[in-house]
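1. can you look at this prediction? I've put the sequence above it.
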Amino acid sequence: MVRLLRTRDADFEAAFHALEQRRQRDAEEVGRAVSEIVDDVRRRGDDALLDATERFDGYRLAPAEIVVSSQQMAAGAARLGPEDRDALGSAAERIRAFHSLKLPQSWQQEREGEVLGQLVRPLASVGLYVPAFKAPLASTVLMLGIPAAVAGVPEVVMASPGREPHPAVLEAARLAGVTRMLRVGGAQAVAALAFGTESVSRVDKIMGPGNAYVQAAKRQVFGQVAIDAEAGPSEVLIVADENAAPAFVAADLMAQAEHDPAASVVLVTPSEALAQATLEELAKQISGQPREEIARQALAGSSALIVTRSLEEAMELANRYAAEHLELMLAEPQRWLERVEHAGAVFLGAYSPVPLGDYVAGPSHVLPTGGTARFFSVVGVEDFLKRSSVIGFSPSAVRRLGPTAVRLAELEGLHAHARAVSLRLERDD
């Protein structure tokens, strides 16, 4: 089922280190395979894109079928039932409202003959990657597309594998303002978005979750385009005290374990009784689940129940793990929130399970995984914007600051730099 670890055990550090290194598995082999795909698409365009789609995803498209037409998108979305359409619409409203709260703006400050500030502008085009084969992830379309729309991105291209997109995905694309949809996925889709092909326009940034091959492709095209954080197999770490309900803890672990055999789910608690009860609950809850086999593989893989010496030690492990989702199933979650250093999203208390964040809370559920929450953040409007510095000097400001600039330029041996400033000082004299 799932391992039970104790921090007092001699072999604990080695076992926990393996959990910290969860994203490193088979990275070299995956990287080599992806490099061949990316290079092929860069060289041969549509032909390579279609060949890779047939080889890896099992369906053959004609070049004219790569792009889903606006008529096809509308017709497909219309097949969605009214209750599902209403649910997507409600989620979209909440997501849009959240991302509209703190929209960065351009600004300028004028003082003593200087004008300093920033221009904030939307990216011209973005590519959104939405996985599809394991489940129709309509919510991910909303969580990526709506922040892009709020930011004002004019061209939003979505790539998602499958010959026939699910009606929910098509409706979500409509609600999110997706301007173009592609019927391709995998590393080949990432390469097409990065380099462009006969049918796919090159974008400026690629965002979205995906398997190890998709994430490796994003890393390999970085520099040609911008990318977001590592968003690979799902993960949750739950810090719980003795008051937590074992049924809640097990249910929240299961919610992430059913995503992917490579998902990672971890409970960290100072309560041996809670760990044992959660183990029993997992055995009960997993039986007969539609995605039971996937969940069993995830629990047997990079997952664990960990008994610590204290809650303080539990929080230290949580920060080391740097989870995509961190649940604080504690009597006083706000108190312990102050100790969180690294997490994609933090869920406070027993009644804040991750699925509420996945669908209706408002913040994006596209989060850094594999420990990258140490330096990456949740997807937001800021990811679809770029900033340019604004700098203006009057002659009086040059007189005041120019000599310092000349001195620093000469210190670095950049005499043409110094001359560009000193000429203005001489002209002003």
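-> Nice, thanks for sending it over. The shown structure was predicted, so the numbers you read here are calculated from the model rather than taken from an experiment.

2. tell me which element residue 416 falls in.
-> Using DSSP states H and E, residue 416 sits in helix 415-428.

3. report the buried residues of that helix.
-> 418, 421-422 (16 or more other Cβ atoms under 10 Å). Quick note: C-beta positions are derived from backbone N, CA and C, even for glycine.

4. what's the spacing between residue 119 and residue 270?
-> According to Cβ to Cβ, to the nearest Å, residue 119 and residue 270 sit 51 Å apart.

5. who has more neighbours out of those two?
-> residue 270 (20 against 12; other Cβ atoms under 10 Å).

6. tell me the spacing between the more buried one and residue 53.
-> Distance from residue 270 to residue 53, by Cβ to Cβ: 50 Å.

7. residue 143 is in contact with residue 209, correct?
-> No: the criterion here is Cβ atoms under 8 Å, and residue 209 misses it with residue 143 at 9.5 Å.

8. what touches both of those two?
-> Residues touching both residue 209 and residue 143 (Cβ atoms under 8 Å, 6 or more residues apart in numbering): residue 366.

9. of those two, give the one with the bigger neighbour count.
-> Between residue 209 and residue 143, residue 143 has the larger neighbour count (other Cβ under 10 Å), namely 32 against 27.

10. report the separation between that one and residue 128.
-> Distance of residue 143 to residue 128, computed by Cβ to Cβ: 10 Å.

11. just to revisit the earlier point, can you put the buried residues of helix 415-428 in CSV and add pLDDT and distance to residue 49?
-> Formatted as CSV, the buried residues of helix 415-428 follow (pLDDT from 0 to 100; distance: Cβ to Cβ, whole Å):
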residue, pLDDT, distance to residue 49
418, 98, 52
421, 97, 51
422, 97, 55
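
12. of those, closest to residue 65?
-> Lowest distance from residue 65 to the buried residues of helix 415-428 (Cβ to Cβ) belongs to residue 421, with 58.6 Å.

13. still on that earlier bit, tell me the one of the buried residues of helix 415-428 nearest residue 114?
-> The closest of these, once distances to residue 114 are taken by Cβ to Cβ, is residue 421, at 14.6 Å.

14. mind listing what that closest one touches?
-> So residue 421 contacts 398, 402, 405-406, 409 (Cβ under 8 Å, 6+ apart).

15. can you list which of the residues you listed are found in strands?
-> Using DSSP state E, no member of the contacts of residue 421 sits in strands.

16. quick one: which of those has the most company?
-> Within the contacts of residue 421, most neighbours by other Cβ under 10 Å means residue 402, with 20 neighbours.

17. what's next to stretch 272-279, contact-wise?
-> Residues outside stretch 272-279 that contact it (Cβ under 8 Å, 6+ apart): 1-2, 4, 240-242, 244, 246, 249-250, 253, 267, 269, 305-307.

18. one more: stretch 299-317?
-> The set of residues external to stretch 299-317 that reach it, using Cβ under 8 Å, 6+ apart, is 1-8, 15-16, 18-19, 22, 239, 241, 253, 257, 261-272, 275, 278-279, 282, 286, 330, 336, 339-340.

19. residue 95 - nearest residue in space that isn't next to it in sequence?
-> Excluding its sequence neighbours, the residue lying closest to residue 95 (Cβ to Cβ, 6 or more residues apart in numbering) is residue 146, at 4.7 Å.

20. which residues touch that neighbour?
-> Residues in contact with residue 146 (Cβ under 8 Å, 6+ apart) are 92, 95-96, 99, 175-177.

21. could you work out the most separated pair of those?
-> Spanning the widest gap among the contacts of residue 146 are 99 and 175, at 13.5 Å by Cβ to Cβ.

22. coming back round to it: from the contacts of stretch 272-279, which ones fall inside strands?
-> 4, 240, 267, 269, 305-307.

23. picking up where we left off before, pLDDT, secondary structure and neighbour count for the contacts of residue 146 - can I get that in CSV?
-> Shown next, in CSV, are the contacts of residue 146 (pLDDT from 0 to 100; DSSP: H, G, I helix; E, B strand; the rest coil; neighbours: other Cβ atoms under 10 Å):
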residue, pLDDT, secondary structure, neighbour count
92, 98, helix, 23
95, 98, helix, 27
96, 98, helix, 18
99, 98, helix, 24
175, 97, helix, 23
176, 97, helix, 25
177, 96, coil, 16
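
24. residue 153: which of the residues you listed is nearest?
-> Nearest to residue 153 among those: residue 177, at 8.6 Å, using Cβ to Cβ.

25. list the contacts for the closest one?
-> 145-146, 148-149, 156.

26. over to residue 270?
-> Listed by Cβ under 8 Å, 6+ apart, the contact set of residue 270 reads 241-242, 307-311, 313-314.

27. got it, and residue 409?
-> Taking Cβ under 8 Å, 6+ apart as the criterion, residue 409 is in contact with 415, 417-418, 421.

28. pull out the buried residues from the contacts of residue 177.
-> By 16+ other Cβ under 10 Å, those give 145-146, 148-149, 156 as buried.

29. what's the burial count for the nearest residue to residue 207 once chain neighbours are set aside?
-> What sits nearest to residue 207 in space, not counting adjacent residues and going by Cβ to Cβ, 6+ apart, is residue 228, at 4.4 Å. When neighbours are defined as other Cβ under 10 Å, residue 228 has 23 of them.

30. likewise the one 5 residues further on?
-> By the other Cβ under 10 Å criterion, the neighbourhood of residue 233 contains 24 residues.

31. same check, this time on residue 341
-> Neighbours of residue 341 using other Cβ under 10 Å come to 13.

32. and it, what pLDDT?
-> The score at residue 341 is 98. That number is its pLDDT.

33. quick one: what helix or strand has the nearest residue to it once chain neighbours are set aside in it?
-> Excluding its sequence neighbours, the residue lying closest to residue 341 (Cβ to Cβ, 6+ apart) is residue 319, at 4.5 Å. Using DSSP H and E, residue 319 falls within helix 311-321.

34. looking at the contacts of residue 409, which is nearest residue 37?
-> Each of the contacts of residue 409 was checked against residue 37 using Cβ to Cβ; the closest is residue 417, at 44.5 Å.

35. apart from its neighbours in sequence, what residue is nearest the closest one?
-> Going by Cβ to Cβ, 6+ apart, residue 417 has residue 409 as its nearest residue, at 3.8 Å.

36. does residue 174 lie in a helix or a strand, and which?
-> helix 167-176.

37. what separation do you get for residue 213 and residue 164?
-> Using Cβ to Cβ, residue 213 is found at 22 Å from residue 164.
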